[in-house]
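Trainee: Give me a model of this one.
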Amino acid sequence: MLSLLLPLTRAVTYTRWLHLVVGAIVPLCCAMVYPGLSGLSTGDWVLIAALPVPLALAVAMVPSVRRAEGLQAQLMLFPVPHAHAKRYAIPDVSAVPSASWTDRARTGVWLVLRLEAGLAVALMTERLMTLSLSLAGAAAGDPGVAVPVLPDTGASWVYVLWALVPLVVLVTAATGAGALIARAARRLLGPSVEERLSELEERTEQLLERNRIARELHDSLGHALTLAVLQAGAARAAADPKFTDRALEAVEETGRSALEDLERVLLLLRDTGRTTGSRPDLATTDRLLDSARSSGAQVDAEVTGRLERLPGPISREAYRMLQEGLTNVLRHAGPVQIAVRIAVEEARLRLEVRNPLAAAAPSAAGTGGGSGLRGIRERAALLGGGARAGQEGGQWLLHIELPLR
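Mentor: Predicted coordinates for the structure are as follows:
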């Protein structure tokens, strides 16, 4: 019983009712012109229902009408916290202008359905309310009220009870009609295939951007923290004030660089419109190699070709991949001897990072897993290249190839 009464306590039941009744305004306005609103026959009511149909179909050809109807449907047909919501987002109902003739046709069907359903609900509301008031008048002893359906018992309380029946029927019928019109709104005002594809593309772009920012943070902060840990450990083990000073200076420089990267990423997330500064690229490889050397590693670098001829996106992404490669070496093998090779060829860029395997590294490194290597592969794949990592000749090799054309 309570489940039957629950819809009567929901605000959306009455906003749907109002939405339907408002739809009857156009047919009733047409009826004022012809054939009038008094002494109407059944044929006249059919004519009143049919007159606004051409007008509704013509209005549906205007693209902005679909947006207006979508917004009304979102506000009045679906249970959202209207008093507090700052943005109405009903995923099943679109609130954008018509983009195709299919959208216009669906909007036309919706307008016709809304007019006809609104007229029916308005007439039902008027008749049942009139009947309820007549029964209430009979309960008050109004001699002008005639209710031939009910027997004249002379007891006013009987009419009071019967006066509630039309109201219950009216609210129940309006609830059902509201649920049906909401379902129709999902079908007729729902996003088209083009809108769904556009939304999917937008969400994909957002996910790609989030993944890119996550990789930036992972590479930059992971590199800085790895170097800081290694330098602090080496300084403590050395117990040499001069070495400690050099280690602290390297930690300071690495931390400052990481803070700059963090600030740039936060500006991107906040979308403040401020300039985010330039991202590091392979032209600043010396600074990256020096930071690795400051941790105690012996880094031998070989660069062939002109780094300045590299396209900006490739140079920046290659820097991050090299940074992550060095970080992985320091994290898993420690301050060992590292061989870095950068070759700028006519049609591609080759990056190699080699290092001897640590005593406990083969079992762990041989899996080729980890988010760092996965991030390198993802970056390379987005640029149309590839990356592989594994043991080769008793060493660990990271090999990256990126096309330049």
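Trainee: Now do the strands in the stretch 151-300 of the chain.
Mentor: Per DSSP state E, counting those that start in this stretch, the stretch 151-300 of the chain has strands spanning 298-304. These are given in chain order.
Trainee: Give the burial count for Ser134, as a bare number.
Mentor: 19 (other C-beta atoms under 10 Å). Every residue, glycine included, has its C-beta placed from N, CA and C.
Trainee: need the contact list for Glu329.
Mentor: One thing to correct before we go on: residue 329 is Val, not Glu. 297, 336, 338, 353, 355, 396 (C-beta atoms under 8 Å, 6 or more residues apart in numbering).
Trainee: wouldn't Trp17 be in contact with Ala173 here?
Mentor: No. With contact defined as C-beta atoms under 8 Å, Trp17 does not count as touching Ala173 (9.7 Å).
Trainee: higher neighbour count, these two?
Mentor: For the pair Trp17 and Ala173, the greater number of neighbours falls to Trp17 (21 against 16), based on other C-beta under 10 Å.
Trainee: for the more buried one, phi and psi?
Mentor: phi -60, psi -50 (degrees, to the nearest 10).
Trainee: Quick check: the gap between the closest residue to it other than its chain neighbours and Glu69.
Mentor: Take Trp17 and drop its neighbours on the chain: the residue closest to it by C-beta to C-beta, 6 or more residues apart in numbering is Ala174, 4.4 Å away. According to C-beta to C-beta, to the nearest Å, Ala174 and Glu69 sit 20 Å apart.
Trainee: Which member of the contacts of Val329 is positioned nearest Ala58?
Mentor: Of all those, Ala58 sits closest to Val353, with 68.7 Å by C-beta to C-beta.
Trainee: returning to what we had before: pick the one among the contacts of Val329 closest to Leu189.
Mentor: Closest approach between the contacts of Val329 and Leu189, by C-beta to C-beta: Val353, at 56.0 Å.
Trainee: phi, psi of that closest one?
Mentor: The phi/psi pair for Val353 (degrees, to the nearest 10) is phi -130, psi 120.
Trainee: Could you do Ser294 as well?
Mentor: Torsion angles, degrees, to the nearest 10, at Ser294: phi -70, psi -20.
Trainee: what sits against the residue nearest to it when sequence neighbours are not counted?
Mentor: Leaving aside its chain neighbours, Ser294 sits nearest to Ala250 (3.5 Å; criterion: C-beta to C-beta, 6+ apart). Counting by C-beta under 8 Å, 6+ apart, Ala250 touches 227, 231, 291, 294-295.
Trainee: still on that earlier bit, next, show the common contact partners of Trp17 and Ala173.
Mentor: Val121.
Trainee: on that earlier part again, using a markdown table, lay out the contacts of Ala250 together with neighbour count and pLDDT.
Mentor: Listed next are the contacts of Ala250 as a markdown table, based on neighbours: other C-beta atoms under 10 Å; pLDDT from 0 to 100:
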| residue | neighbour count | pLDDT |
| --- | --- | --- |
| Leu227 | 28 | 71 |
| Gln231 | 24 | 70 |
| Ser291 | 23 | 78 |
| Ser294 | 20 | 74 |
| Ser295 | 24 | 73 |
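Trainee: Now for Leu133: which residues touch it?
Mentor: With C-beta under 8 Å, 6+ apart, Leu133 has these contacts: Ala163.
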